[in-house]
Structures are given as C-alpha cells and as structure tokens.
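[1] structure for the following, please:
(one chain, ligands or ions: 2)
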Amino acid sequence: MSQKFDVVVVGAGPGGYVAAIRAAQLGLKTACIEKYQGKEGKTALGGTCLNVGCIPSKALLDSSYKYHEAHEGFKVHGINAGEVTIDVPAMVGRKDQIVKNLTGGVAALFKANGVTLLEGHGKLLSNKRVEVTGKDGNSEVVEAENIILASGSRPVDIPPAPVDQKVIVDSTGALDFQTVPKRLGVIGAGVIGLELGSVWARLGSEVTVLEALDKFLPAADEQVAKEAFKVLTKQGLTIRLGARVTGSEVNGDQVTVSYTDAEGEQKIEFDRLIVAVGRRPVTTDLLAADSGVDSDERGFIFVDDYCATSVPGVYAIGDVVRGAMLAHKASEEGVMVAERIAGHKAQMNYDLIPSVIYTHPEIAWVGKSEQVLKAEGVEVNVGTFPFAASGRAMAANDTTGFVKVIADAKSDRVLGVHVIGPSAAELVQQGAIGMEFGTSAEDLGMMVFSHPTLSEALHEAALAVSGHAIHVANRKKR
Ligand code: FAD
Ligand code: AMP
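    Ligands and ions are numbered 1, 2, ... in the order given. So this is what the prediction gives:
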C-alpha cells in the first residue's frame with residue numbers, strides 16, 4: 001500500500017517548505033520531498049535560498065562589510081582599530097554555521113507542524129502519484145490529492161566559461177573561496193554578480209565585471225541605476241558594459257577570458273572567475289512523460305495566475321514558474337496555493353513584489369520605474385530626498401543615495417518607491433505596505449515618522465512629490 005497524503009510538495013526551498021508548513025497548518029496531511037545533500041552529506045532543507053543563495057550571500061556581505069568598515073570607515077568616527085586582518089576560512093565557516101542553523105530550523109518546523117519529510121528525488125507520475133527515489137536508489141510511490149512542484153532553479157552555464165568550481169565558479173563556488181583572489185572576474189552585472197563581486201572587492205580583490213548589455217541594471221529606475229553605477233565604480237568595481245564573453249582558457253591557477261566590446265576582441269586575466277549570468281528552472285527528471293504537465297522551451301512549468309498547471313490538483317510555484325526568481329515570491333506563491341487547496345480564496349499581488357540588491361548602499365524598489373510609467377503614458381509627479389540631508393544617515397556616516405517616490409499626477413496614488421542608500425530594502429518595504437493599501441504620496445506625507453530615522457527620507461520624498469519637503473530645497477514649489 002502506498003502512502004497517501006492530502007498534499008505532496010516536491011522541493012523544500014522557500015517555495016516548497018513554506019507551502020508544506022502552511023498546508024499542514026490548515027489541517028492537510030502533508031509530505032515534502034527533498035533530495036539536496038548539504039556539506040555534511042545529509043538532507044538539507046531550505047533550497048537554494050538557505051543553502052547557497054540569499055542567506056549565505058548575505059552572511060558574507062555582512063562580514064565583508066564589517067571588515068571594510070573597520071578598514072575604511074572607523075577613522076572618521078575617531079576609532080583606531082590598529083591592524084585589521086582577515087581570516088577567510090573563519091568568515092566562510094561562520095556562513096556555513098548560519099546555513100546549518102537555518103536548514104535545521106526548517107527541519108524542526110516540519111516536525112512541529114507535522115509535515116512528513118520524504119528524502120530523495122521526486123518525480124510526478126500520472127494520476128496524482130509521485131515517485132520518490134532515495135540516495136540508495138530504492139523507490140516508493142506516494143499518492144496525493146494535491147501536488148505542488150517547487151523544484152527551483154540552478155545557475156545558467158555558458159559554453160564560453162565552463163564551471164570547474166576551482167578557477168571558474170558559479171555562485172555556489174563563489175560562496176566558498178578559502179582565500180581572497182587577487183584578480184577576480186565576474187560575468188554578468190545582475191543581482192548575484194554585483195553582490196558576490198562586492199563581497200570579494202571589500203576583502204581586497206580587484207574585481208572586473210563583464211556585462212554583455214550596454215545598459216546597467218535595466219530593471220531598475222534609470223536615476224537609481226545611474227547612481228548605482230557611479231557608487232559601485234567608486235568602490236573599486238570595474239564594470240565593463242557591452243562586453244560579451246566569448247571564451248576562456250584555464251592555465252593552472254589563472255584564467256584568460258576573451259570578450260568582445262565596442263573596440264573589438266579583448267583578453268583579460270583573472271585568478272578566479274564567477275559566472276553569474278542568470279538562473280534556469282530545474283525540471284530534470286521531474287515530470288514523467290505521461291504526467292500531463294508542460295513546460296516551455298526554457299523549462300518553466302506553465303501555470304495560471306494561481307499557480308495551477310493544466311492538470312487539476314497539480315500546482316507549481318517559485319523559480320520553476322514564470323515571474324521574478326525571488327525567495328519571497330516563491331514563499332507567497334506557496335502560501336497562496338496551500339490556502340487555495342484548503343478552499344480559501346487566496347491570491348497574490350504580483351505588481352508589488354519588492355526587488356533588492358544587497359550591495360552597500362543597498363538598491364531596492366517596488367512598483368514601476370519612472371521610465372516604464374512614462375513609456376506607458378502615465379503622467380507622474382516625482383519626489384526625491386537625498387540621504388546627504390538625513391541627520392540619521394549623517395550620524396552613521398552613510399549618506400550615499402536617495403529615496404524616490406513616484407505618484408500618479410492625477411490621483412497622487414504612489415506607483416513606485418525606489419531607493420539607493422542605507423537600509424534601502426527596509427524603506428522600500430514601508431513603501432510596499434503603503435502601496436498595498438493604495439496610499440497616496442499625501443497620505444505618506446501626513447504620517448508621523450520617528451526622528452531621527454532613515455525612514456524620514458521616505459517621508460520627505462513623499463512630501464517632495466507635491467513640493468512640500470521640509471529638509472531639502474524642493475524642485476517644485478507649492
Ligand atoms: P529553490 O530554493 O531552488 O528550492 C528548490 C528545492 O527543490 C531544492 O532544495 C532542490 O534540491 C529541490 N529539488 C529540485 N528538484 C527536486 C526533485 N525532483 N525532487 C526533490 N527535490 C528536488 N532571492 C531573494 O529573494 N533574495 C535574495 O537575497 C537572494 N539572493 C540570492 C543569492 C544567490 C547567490 C542565489 C543563487 C539566489 C538568490 N536568491 C535570492 C534567489 C532565491 O534563492 C530563489 O529565488 C529561491 O530560492 C527560489 O525558491 P524555490 O523554492 O522556488 O526554489
Ligand atoms: P541576472 O539574470 O540578473 O542574474 O543577470 C545576468 C547578466 O549576465 C545579464 O545582465 C546578462 O546580460 C549577462 N550575461 C549573459 N551572458 C553573458 C556573456 N556571455 N557575457 C557577459 N554578460 C553576459
């Protein structure tokens with residue numbers, strides 16, 4: 001007799017584990033299948049995000065920022081720390097410990113909520129059955145009323161730079177360097193390339209980022225992208241736009257990378273090369289030929305707005321389906337699907353998914369950029385406020401960047417909040433809360449913000465939409 005569940009989830013990343021916990025909370029008999037083996041050779045939950053993504057990258061970003069501050073930022077506060085040195089294995093070890101705590105935490109949450117963990121590879125068969133194949137090669141078939149596919153994504157490989165995880169690494173390898181590479185190349189100026197490039201640049205690498213596109217951060221508001229380019233370049237990152245990598249040759253501990261740019265063929269040598277050219281969905285051996293579930297030519301599983309596939313009772317969420325490849329998007333889809341299975345009318349607002357790049361200063365936004373709104377013919381009013389005018393930012397010696405609030409010219413409804421600056425991610429989240437409730441710039445301007453906080457920059461930018469900012473000269477006077 002095969003085991004029967006109300007819900008079986010394939011994959012325990014932020015999409016799958018959240019879906020499984022929510023389903024169990026709703027009284028559904030739930031199992032989650034996970035195959036990933038962590039560094040200790042045991043099943044590790046949490047997916048890309050906890051094991052080799054969001055969390056370990058932020059651990060190294062925070063450690064490297066502290067080192068950088070101790071080197072460059074203390075003196076201005078009158079602090080002399082003497083000689084500051086770095087122990088890379090200890091830094092990476094701290095990161096590994098955080099990963100271990102968090103992945104163990106998910107296992108504990110499964111226990112607490114009564115989610116059954118099935119260790120192994122899951123494959124969707126026909127008639128709501130899933131085959132689970134363990135490490136030992138033994139298989140069992142489980143049955144479920146509902147199945148949620150949450151198999152996530154993996155780094156894109158490009159033929160000109162094959163990853164060997166020694167000299168040429170992907171994002172996973174770049175989280176485990178044991179020494180600081182002298183010359184570090186990064187292919188791709190996306191979120192992951194900029195974050196990992198920043199980690200190693202702060203620790204002393206000479207970092208060169210090669211980006212095929214001519215435009216820097218095309219998804220960001222142009223004003224923010226321009227400032228980001230200026231700031232990151234000033235921090236020592238060499239960012240070559242319009243530079244398409246065409247080949248690489250590894251010689252011992254070095255790699256020579258060939259690329260083409262406006263001037264023609266170029267070559268550059270590095271000690272390590274990070275390939276960060278995007279991620280693609282994981283559907284390897286996930287769908288039996290007669291499962292009835294389809295994916296597009298890139299492997300994304302087709303779903304509707306509620307993450308339902310074309311097979312009744314089978315859903316797919318997170319990086320394996322359309323939309324932003326972000327942990328919080330995956331998790332919210334997991335909650336939505338679990339609740340819909342339980343009969344609730346849950347839905348998700350795909351227009352308000354915040355984006356964050358955890359460089360320093362952080363870059364974050366929610367809603368639409370000024371250029372997109374203008375292209376759509378929407379008339380807007382814009383308010384900006386520089387952190388250079390924020391008392392709290394001055395106190396912290398962290399005054400780079402600004403907050404930009406974009407509002408509909410007719411209704412004053414906030415359509416976008418864009419920030420480059422300290423704690424940008426947290427400030428943008430405040431904008432997202434307001435936008436979810438249809439806030440106007442005037443509403444934000446009428447609220448009382450604690451003083452002194454970085455959040456006041458959001459308050460002032462909202463006031464600046466109508467020319468009423470207090471602590472900066474307004475572009476527009478009313
Ligand atoms: P995943 O997290 O990829 O999880 C899928 C899980 O399914 C994996 O554990 C996998 O082993 C398992 N699996 C796959 N196939 C099977 C199968 N057939 N059977 C059993 N198990 C299977 N996002 C953010 O929002 N913020 C960030 O700061 C951020 N930083 C990132 C930094 C890096 C370096 C990287 C690489 C990614 C980052 N991301 C970030 C993206 C984020 O990690 C993903 O969007 C998120 O993990 C997607 O969640 P998911 O549940 O869809 O898939
Ligand atoms: P993202 O998808 O945000 O992770 O960003 C990946 C980036 O890598 C994109 O901006 C791509 O333009 C860039 N990219 C992809 N292939 C190449 C290549 N061969 N050389 C340089 N950049 C590339």
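[2] and for the spatially closest residue to residue 323 that is not a sequence neighbour, the neighbour number?
    Leaving out its chain neighbours, the residue that sits closest to residue 323 by C-beta to C-beta, 6 or more residues apart in numbering is residue 329, at 6.0 Å. C-beta coordinates here come from the backbone N, C-alpha and C atoms, glycine included. As a burial measure, residue 329 scores 22 neighbours (other C-beta atoms under 10 Å).
[3] how about residues contacting the helix or strand encompassing residue 329?
    Residue 329 is part of helix 327-341 when elements are defined by DSSP states H and E. For helix 327-341, the surrounding residues in contact (C-beta atoms under 8 Å, 6 or more residues apart in numbering) are 6-7, 13-20, 22-23, 26, 28, 49, 53-54, 146, 148, 150, 152, 306-307, 315, 317-319, 321, 323, 346-348, 353-354.
[4] per-residue pLDDT, the residue nearest to residue 323?
    Per-residue pLDDT puts residue 329 at 98.
[5] cool, and residue 263?
    In this model, residue 263 carries a pLDDT of 96.
[6] any idea how far residue 282 is from the residue of the stretch 151-300 of the chain found nearest ligand 1?
    Closest residue of the stretch 151-300 of the chain to ligand 1, C-beta to the nearest ligand atom: residue 152 (2.0 Å). Distance of residue 152 to residue 282, computed by C-beta to C-beta, to the nearest Å: 5 Å.
[7] okay, and the common contacts of those two?
    319-320.
[8] the more surrounded of the two?
    More crowded of residue 152 and residue 282, by other C-beta under 10 Å: residue 152, with 27 against 19.
[9] so what's the more buried one up against?
    By C-beta under 8 Å, 6+ apart, the neighbours of residue 152 are 11, 13, 15-16, 47-48, 281-282, 318-320, 330.
[10] can you tell me which of the residues you listed are in strands?
    residue 281 (DSSP state E).
[11] turn the contacts of residue 152 into TSV, including distance to residue 120.
    Compiled in TSV, the contacts of residue 152 are given as follows (distance: C-beta to C-beta, whole Å):
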residue	distance to residue 120
11	12
13	16
15	18
16	14
47	15
48	18
281	20
282	15
318	19
319	20
320	18
330	21
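[12] so which of the contacts of residue 152 reach ligand 1?
    11, 13, 15-16, 47-48, 282, 318-319, 330 (C-beta under 6 Å from any ligand atom).
[13] gap between residue 288 and residue 71?
    Taken as C-beta to C-beta, the span from residue 288 to residue 71 is 55 Å.
[14] ugh, typo on my part, it should be residue 9
    For residue 9, the distance to residue 71 - C-beta to C-beta - is 45 Å.
[15] which of those two has more neighbours?
    Between residue 9 and residue 71, residue 9 has the larger neighbour count (other C-beta under 10 Å), namely 35 against 15.
[16] mind listing what the residue in the chain positioned nearest to ligand 2 touches?
    For the chain and ligand 2, the shortest gap (C-beta to the nearest ligand atom) falls at residue 190, measuring 2.3 Å. Applying C-beta under 8 Å, 6+ apart, we find residue 190 in contact with 276-278.
[17] close to ligand 1: what parts of the stretch 351-478 of the chain are there?
    Counting by C-beta under 6 Å from any ligand atom, the stretch 351-478 of the chain sits next to ligand 1 at residue 358.
[18] which stretches of the stretch 351-478 of the chain form helices?
    Per DSSP state H, counting those that start in this stretch, the stretch 351-478 of the chain has helices spanning 370-375, 391-395, 424-436, 441-446, 456-464. These are given in chain order.
[19] out of those helices, which is the most enclosed?
    Comparing those by mean neighbour count (mean count of other C-beta atoms under 10 Å), helix 456-464 ranks first with a mean of 27.
[20] check which helices and strands that one sits against.
    In this structure, helix 456-464 packs against strand 380-386, strand 402-408, strand 414-421, helix 424-436, helix 441-446, with contacts taken as 3 or more C-beta pairs under 8 Å, 6 or more residues apart in numbering; DSSP states H and E.
[21] make JSON lines out of the ones you listed and add distance to residue 33 and mean pLDDT.
    Shown next, in JSON lines, are those (distance: least, C-beta to C-beta, whole Å; pLDDT from 0 to 100):
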{"stretch": "strand 380-386", "distance to residue 33": "47", "mean pLDDT": "98"}
{"stretch": "strand 402-408", "distance to residue 33": "43", "mean pLDDT": "98"}
{"stretch": "strand 414-421", "distance to residue 33": "38", "mean pLDDT": "99"}
{"stretch": "helix 424-436", "distance to residue 33": "32", "mean pLDDT": "98"}
{"stretch": "helix 441-446", "distance to residue 33": "44", "mean pLDDT": "98"}
